[in-house]
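>>> Coordinates only, no sequence provided:
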């Protein structure tokens, strides 16, 4: 079977890394075309690709003349929808970088276009779904072993960033250039995992802090409370201004509690479901008998790198009809969580899901219009105006 030919639009940090990693790790794939508005970005490509790939400096020419089966979209967030749609209209399979879009309204437009191309494979780079520890957690939940979920806490504050980080790119940390802060840039994977593990909440009540630790106009701290249809509750806490940071996921279910922290996955499993023990126990204070279990999982250094697992899965879907691990259509859910947290923070009240996408889109448009960072190369709906070489 011939290798799948891959075109990459956006040769920044991620685009160039993917080009090198595909060349190194995937014998059934070949990078054949690249596109970036800045020709100097092509210097990032590995030596073995310098003379073997087509190079384009406009996306129109890239889609019209590029010799490729699959397009990887690796550009600033506001361009994800447009370039993914352009790829599908050119008859190409697509992998779009996370987040799917900046707001749900754009994602709805993109997914409506996806529905018009059932013959194309459409994925999103939600590589954390391929991490073995996360797969183990997902299996414990879906198998029913943990029982019904009662409470979820995720403290993800190990995103520490300095002012220099935010000053390093003219698209960073602005409404006009990035469309948001820690939720939009750092947390899309965790927000996706929240919905992948637990489903969507029915209500979000969040407190957001804009530029609390940095000279930026977007959020660098968020504390969100979630309510789920079954009565379960959750908390999602994140920031780029805390050191040392924490990354702790705690899941309490009927049959015990899972904690994933410091690369250890521990399960305290009850001999009896909590709801049954509460009703039948003869003691007023004694909790259920509990077994301490450490769940082993493959190291991140074993096998393919996570991003390449997503690419390999999309290639398998193209060649063999395999089921996608991260379908593009599912990217809207974590994005909706992010938008709901932001809207709740702006309104200073809880918001119900599903979210009315037009409300947050209007709020973001207002923020962009009044942005104190009029980025010179980036605009919300600018087509070719974004600098594809900007790094993530």
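It's in. The shown structure was predicted, so the numbers you read here are calculated from the model rather than taken from an experiment. Numbers count the residues shown, from 1 in each chain.

>>> partners of the closest residue to residue 248 other than its chain neighbours in the sheet?
The shortest distance from residue 248 to any residue other than its chain neighbours is 4.3 Å, reached at residue 261 (C-beta to C-beta, 6 or more residues apart in numbering). To be clear about C-beta, it is placed using only N, CA and C from the backbone, and glycine gets the same treatment. Under DSSP bridges, the beta-bridge partners of residue 261 are residue 248, residue 264.

>>> For residue 129, the count of nearby residues, please.
Around residue 129 sit 20 other residues, with neighbours defined as other C-beta atoms under 10 Å.

>>> where does it fall, helix, sheet strand or coil?
helix (DSSP: H, G, I helix; E, B strand; the rest coil).

>>> The closest residue to residue 329 other than its chain neighbours in helix, strand or coil?
The spatial neighbour of residue 329 that comes closest, neighbours along the chain excluded (C-beta to C-beta, 6+ apart), is residue 111 at 5.6 Å. Following three-state DSSP, we place residue 111 in the helix state.

>>> start the count at 257, not 1, going forward
Done: numbering now begins at 257, and the last item shifts to residue 367.

>>> for residue 367, what are its contacts?
Taking C-beta atoms under 8 Å, 6 or more residues apart in numbering as the criterion, residue 367 is in contact with 584-585, 588.

>>> Equivalent analysis for residue 464, please.
Each residue near residue 464 by C-beta under 8 Å, 6+ apart is listed here: 475, 477-478, 597-598, 600-602.

>>> Could you dump these into TSV and include pLDDT, distance to residue 423 and neighbour count?
Output for these, formatted as TSV (pLDDT from 0 to 100; distance: C-beta to C-beta, whole Å; neighbours: other C-beta atoms under 10 Å):
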residue	pLDDT	distance to residue 423	neighbour count
475	98	18	25
477	98	19	20
478	98	22	23
597	98	26	27
598	98	23	28
600	98	29	23
601	98	25	22
602	98	25	18
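
>>> Show only the entries of these found in strands.
Among the contacts of residue 464, DSSP state E puts 475, 477-478 in strands.

>>> export the residues you listed to TSV and tack on distance to residue 272?
Formatted as TSV, the entries for the ones in strands among the contacts of residue 464 read as follows, by distance: C-beta to C-beta, whole Å:
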residue	distance to residue 272
475	29
477	31
478	30
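
>>> and the residue nearest to residue 504, what pLDDT?
Among the per-residue scores, residue 517 shows a pLDDT of 98.

>>> With the one 5 residues further on instead?
We have a pLDDT of 98 for residue 522.

>>> Which residues are in contact with it?
Counting by C-beta under 8 Å, 6+ apart, residue 522 touches 514-516, 548-551.

>>> Which single one of those is nearest to residue 449?
Residue 449 lies nearest to residue 516 out of the contacts of residue 522, by C-beta to C-beta, at 10.3 Å.

>>> so the closest one makes contact with residue 388?
No. Using C-beta atoms under 8 Å, residue 516 and residue 388 do not qualify as a contacting pair, with a distance of 11.6 Å.

>>> Between the two, which is the more surrounded one?
Comparing residue 516 with residue 388 by neighbour count (other C-beta under 10 Å), the higher total belongs to residue 516, at 21 against 16.

>>> And that one, how far from residue 450?
Taking C-beta to C-beta, to the nearest Å as the measure, residue 516 and residue 450 are separated by 13 Å.

>>> Over to residue 306?
Counting by C-beta to C-beta, the gap between residue 306 and residue 450 amounts to 41 Å.

>>> Between the two, which has more neighbouring residues?
When residue 306 and residue 450 are compared on other C-beta under 10 Å, the one with more neighbours turns out to be residue 450, at 23 against 11.

>>> so the more buried one touches residue 412, yeah?
No. When contacts are counted by C-beta under 8 Å, residue 450 is not listed as touching residue 412 (10.1 Å).

>>> Touching both of those two, which residues are there?
Taking C-beta under 8 Å, 6+ apart as the contact definition, residue 450 and residue 412 share the neighbouring residues residue 492.

>>> since we're on residue 329, how many residues are nearby?
Here the count is done by other C-beta under 10 Å, and residue 329 has 25 residues near it.

>>> next one: the one 5 residues further on
Burial of residue 334 is recorded as 24 neighbouring residues (other C-beta under 10 Å).

>>> Read off the pLDDT value for residue 642.
At residue 642, the predicted lDDT confidence score is 34.

>>> Repeat that for residue 637.
In this prediction, residue 637 has a pLDDT value of 34.

>>> cool, residue 647 as well?
At residue 647 the predicted local confidence, pLDDT, stands at 32.

>>> go on, residue 557?
The confidence metric pLDDT takes the value 82 at residue 557.

>>> did I read that right, it in a strand?
No. Per three-state DSSP, residue 557 lies outside any strand segment and is coil.

>>> State the distance from it to residue 267.
To residue 267, residue 557 is 26 Å away according to C-beta to C-beta.
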